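**Student:** got a sequence here, can you model it:
(one chain, ligands or ions: 1)
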Amino acid sequence: MAQRLAKHWCLSAIRSPLQVISFPALQLHVSGTAMRADQKDFENAVTRVKLLKDPGNEMKLKLYALYKQATEGPCNVPKPGVFNLINKAKWDAWNALGSLPKETARQNYVDLVSSLSSSSASSSQVKPGADKEQQGSENLVVTSENGITKIMLNRPTKKNAITTQMYQEIILALKAASKDDSTITVLTGNGDYYCSGNDLSNFTDVLSGEIEEKVKSIAILLRDFVDCFIDFPKPLIAVVNGPAVGISVTLLGLFDAVYASDRATFHTPFSQLGQSPEGCSSYIFPKMMGPAKAKEMLIFGKKLTAGEACAQGLVTEVFPDSTFQTEVWTRLKAYSKLPPNAMRISKQIIRNMEKEKLHAVNAEEVSVLQERWLSDECINAVMNFLSKRAKL
Ligand SMILES: CCCCCC/C=C/C(=O)SCCNC(=O)CCNC(=O)[C@H](O)C(C)(C)COP(=O)(O)OP(=O)(O)OC[C@H]1O[C@@H](n2cnc3c(N)ncnc32)[C@H](O)[C@@H]1OP(=O)(O)O
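**Tutor:** Numbering: from 1, shown residues only. A predicted model of the protein is given here:
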């Protein structure tokens, strides 16, 4: 568990004195409605910064100083002693901002995080208009060829469980795909699983302290993630190469076509995990399959075969596993040659009728989940999985 925690630079193990620079909590107390938009941008930036790769000590100090200036104003604490290297470096950085107004510091912080996010994205994401394979990050491979952008979950040894870093990368990949030259976008998995859902070790931070802040940052990430699927403007197709669990199932209701291998299963064990549905499934599933079948999945965690999921309207078509890849990609290549604007507009007409509702459902589901994640039921289920690697 310690190793997993160390992956995030904001919590990284101490290797040199400056590496213990950590970032202040998400405890922001700006009042007044006029400041709301800025405040939200700032809060989002504070969340996003925790998901970035280590930007180096110099940049961490800049971020630290801007954060302190934005939340507390000019440096107002005594200078640490000369041997207190870390705190002195932090104090120097904050003090150097002089009387910079809080609002300017807040804006500079947001701009700096944006520039760091886009530079880390540009090193791992497909470039708009690319017409050949591009390397994504280790766990998410993004390629664009012949009018199809393929986003592949690539963590087969962990059944493609989605880490917080991967949520962030998928958001960036979808944003890039919405602007690139491709006609359609595909999400799929590498290995025997499509995806085992949320990586349950995403919650180790929650178990390790600073609970409320961690839960809040996970909630913002989840909401942004699902919003991206709601707003995605081009045809989005899921190529479900194997079993799907949790969020990878609920999101399917937001895709335009779902092709599944007959090896695939569809499982949403939310109650078993002390959690509740997300991905707009609490709204889409009952509409799609009727309340009785939706509740069997979302409340009781009934696992569906690919055939059953197809009968319920969650899957568009099922293919024998032996011919799955060939048949599906032949079909997708044909679809990618259809007039792109016509496809976008048709999708828009269908989605626009529900878009506002879907965003509201997403917000509500995330707010309920935020409470669930703090419940004993959820904490015990996650601890149980992480300690015993219990199977559901
Ligand atoms: C921004 C955050 C938003 C949160 C949104 C809310 C999302 C909710 C969900 O998605 S809920 C669903 C969560 N997923 C699960 O509960 C699945 C848990 N995994 C399992 O039950 C099983 O691993 C399995 C049925 C998927 C596969 O079983 P099996 O074929 O026997 O393989 P292993 O169990 O040996 O798995 C291999 C390896 O992968 C690790 N792993 C699999 N799934 C996850 C996961 N979801 N999170 C973390 N790790 C996972 C597993 O522990 C093994 O690791 P190891 O080899 O032991 O190191």
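**Student:** quick one: end-to-end distance for stretch 334-348.
**Tutor:** One end of stretch 334-348 sits 21 Å from the other (C-alpha to C-alpha, to the nearest Å).
**Student:** quick one: buried residues of that stretch?
**Tutor:** Within stretch 334-348, the residues that count as buried by 16 or more other C-beta atoms under 10 Å are Tyr335, Ser336, Pro340, Met343, Lys347. All C-beta spots, glycine's among them, are computed from the backbone N, C-alpha and C.
**Student:** just the closest of these to the ligand, please.
**Tutor:** The nearest member of the buried residues of stretch 334-348 to the ligand, counting by C-beta to the nearest ligand atom, is Lys347 at 25.1 Å.
**Student:** tell me which element the closest one falls in.
**Tutor:** In the assignment (DSSP states H and E), Lys347 maps to helix 340-352.
**Student:** circling back to that earlier point, closest to Phe285 out of the buried residues of stretch 334-348?
**Tutor:** Nearest to Phe285 among the buried residues of stretch 334-348: Lys347, at 20.2 Å, using C-beta to C-beta.
**Student:** from what I see, the closest one and Pro233 are in contact.
**Tutor:** Yes - at 7.0 Å, Lys347 and Pro233 qualify as touching, with contact defined as C-beta atoms under 8 Å.
**Student:** gap between the two ends of stretch 146-156?
**Tutor:** Length of stretch 146-156, first residue to last, C-alpha to C-alpha: 26 Å.
**Student:** give me the contact status of that stretch with the ligand.
**Tutor:** No - against the ligand, stretch 146-156 shows no contacts by C-beta under 6 Å from any ligand atom, the least distance being 8.3 Å.
**Student:** mind listing what's buried in that stretch?
**Tutor:** Gly147, Ile148, Thr149, Lys150, Ile151, Met152, Leu153, Asn154, Arg155.
**Student:** so which of the residues you listed are in strands?
**Tutor:** Applying DSSP state E to the buried residues of stretch 146-156, the entries found in strands are Ile148, Thr149, Lys150, Ile151, Met152, Leu153.
**Student:** let's see the pLDDT reported for the third one.
**Tutor:** This points to Lys150. Reported pLDDT at Lys150 in the predicted model: 98.
**Student:** and it, what does it touch?
**Tutor:** When contacts are counted by C-beta atoms under 8 Å, 6 or more residues apart in numbering, Lys150 is found next to Val141, Val142, Thr143, Ser144, Thr185, Val186, Thr188.
**Student:** follow-up on the earlier one: out of the buried residues of stretch 334-348, who's near the ligand?
**Tutor:** Applying C-beta under 6 Å from any ligand atom to the buried residues of stretch 334-348, none is adjacent to the ligand.
**Student:** now those as TSV including pLDDT?
**Tutor:** Formatted as TSV, those follow (pLDDT from 0 to 100):
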residue	pLDDT
Tyr335	98
Ser336	98
Pro340	98
Met343	98
Lys347	98
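**Student:** right, and the pair among the residues you listed with maximum separation?
**Tutor:** Applying C-beta to C-beta across the buried residues of stretch 334-348, the maximum distance is between Ser336 and Lys347, 14.4 Å.
**Student:** quick check: residues of the chain near the ligand?
**Tutor:** Taking C-beta under 6 Å from any ligand atom as the contact definition, the chain meets the ligand at 158-159, 161, 164, 167, 196-202, 218, 221-222, 245-247, 269, 273, 275, 278, 385, 389, 391-392.
**Student:** coming back round to it: show residues contacting the helix holding Lys347.
**Tutor:** For helix 340-352, contacts defined as C-beta under 8 Å, 6+ apart pick out Gly147, Thr183, Ile184, Ile230, Pro233, Lys234, Pro235, Asp256.
**Student:** 7 Å - rerun?
**Tutor:** Thr183, Pro233, Lys234, Pro235, Asp256 (C-beta atoms under 7 Å, 6 or more residues apart in numbering).
**Student:** out of those residues, who's nearest the ligand?
**Tutor:** For these, the nearest to the ligand is Asp256 (21.6 Å; C-beta to the nearest ligand atom).
**Student:** excluding chain neighbours, give the residue nearest to that closest one in space.
**Tutor:** Leaving out its chain neighbours, the residue that sits closest to Asp256 by C-beta to C-beta, 6 or more residues apart in numbering is Pro235, at 4.7 Å.
**Student:** for the buried residues of stretch 146-156, which one is nearest the ligand?
**Tutor:** The closest of those, once distances to the ligand are taken by C-beta to the nearest ligand atom, is Arg155, at 8.3 Å.
**Student:** contacting residues for the residue nearest to that closest one when sequence neighbours are not counted?
**Tutor:** Here the nearest residue to Arg155 in space, its sequence neighbours aside, is Asn139; by C-beta to C-beta, 6+ apart that works out to 4.8 Å. Shown in contact with Asn139 (C-beta under 7 Å, 6+ apart): Asn154, Arg155, Thr163, Met166.
**Student:** narrow those residues to those in helices?
**Tutor:** With helices taken from DSSP state H, the overlap with those comprises Met166.
**Student:** dump the contacts of Asn139 to TSV, plus pLDDT.
**Tutor:** What follows is the contacts of Asn139, written out as TSV (pLDDT from 0 to 100):
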residue	pLDDT
Asn154	98
Arg155	98
Thr163	97
Met166	97
